[in-house]
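> Here is a sequence together with a model predicted from it:
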Amino acid sequence: MTQLTLKIQHKIYTQVEDILGQTQNWKKEEKTIVFTNGCFDILHRGHLDYLEQISKLGDRLVIGVNSDSSVKRLKGEDRPINTELDRSYVLASLAYVDAVVVFSEDTPINLINSILPDVLAKGGDYKIKDIVGAEEVTANGGKVLTIPIVYHVSTSSILKKIKRI
């Protein structure tokens, strides 16, 4: 295993409890924690643009990734295309991502309540009132933001193109 592989794997947490020590350390260091979540099944330019934008909103970017079973419940039996560990590894390899944590519920509410990030961000296709965890984050003094979508692409649209080939 290379040093880079170990560095990337070090950013991946497979249980909510495993990341709490790290986020508590960042809070003690007065680092601003930014959180977002999603399936990130086939990483595309829209994801990358969005993640880079939100990484600039604080000091540490934590991404909650839906587990395989959660994606299957949310997206259907033929998903995910990539496993939760593969999706996590690709996200963790991005320089501006500090941690990736897999969650098995359909929403990240337990993860959000555990971490209590300073900033909760989602794409511009969400209304703040509909963002899971928005009330909890704002009640704790944090901010909830939506980021404009610049590149209109989705995993579903990519899969439709592949099926036509």
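Everything's here; your move. Numbers count the residues shown, from 1 in each chain.
> S154: what's it in contact with?
H44, G46 (C-beta atoms under 8 Å, 6 or more residues apart in numbering). For every residue, glycine as well, the C-beta is placed using N, CA and C.
> ditto for D68
P80, T83, E84.
> for the residues you listed, which one is nearest I54?
Nearest to I54, judged by C-beta to C-beta, of the contacts of D68 is E84 at 20.9 Å.
> Start and end of stretch 88-101, how far apart?
One end of stretch 88-101 to the other measures 8 Å (C-alpha to C-alpha, to the nearest Å).
> Tell me the one of the contacts of D68 nearest D130?
Set against D130, the nearest of the contacts of D68 by C-beta to C-beta is P80 (23.0 Å).
> which one is the closest one nearest to, not counting chain neighbours?
V71 (4.2 Å; C-beta to C-beta, 6 or more residues apart in numbering).
> which residues in the protein form helices?
3-9, 16-28, 45-55, 68-75, 84-92, 109-115, 134-139, 155-164 (DSSP state H).
> who's in contact with the residue nearest to P80?
With C-beta under 8 Å, 6+ apart, V71 has these contacts: C39, D41, R79, P80, E84.
> Could you measure from it over to R87?
9 Å (C-beta to C-beta, to the nearest Å).
> Same check on I19?
16 Å.
> Give me the more crowded residue out of the two.
Counted by other C-beta atoms under 10 Å, I19 and R87 do not tie: R87 has more neighbours, with 26 against 22.
> Give the burial count for A95, as a bare number.
A95 has 7 neighbouring residues, counting by other C-beta under 10 Å.
> ok, and what's touching the least confident helix or strand in the chain by mean pLDDT?
Within the chain, confidence by mean pLDDT, DSSP states H and E is lowest for helix 155-164 among all helices and strands, at a mean of 72. By C-beta under 8 Å, 6+ apart, the list of residues contacting helix 155-164 from outside reads C39, D41, I42, H44, I81.
> Can you tell me which of the residues you listed has the most neighbours?
Counting by other C-beta under 10 Å, top hit in the contacts of helix 155-164: D41 with 25 neighbours.
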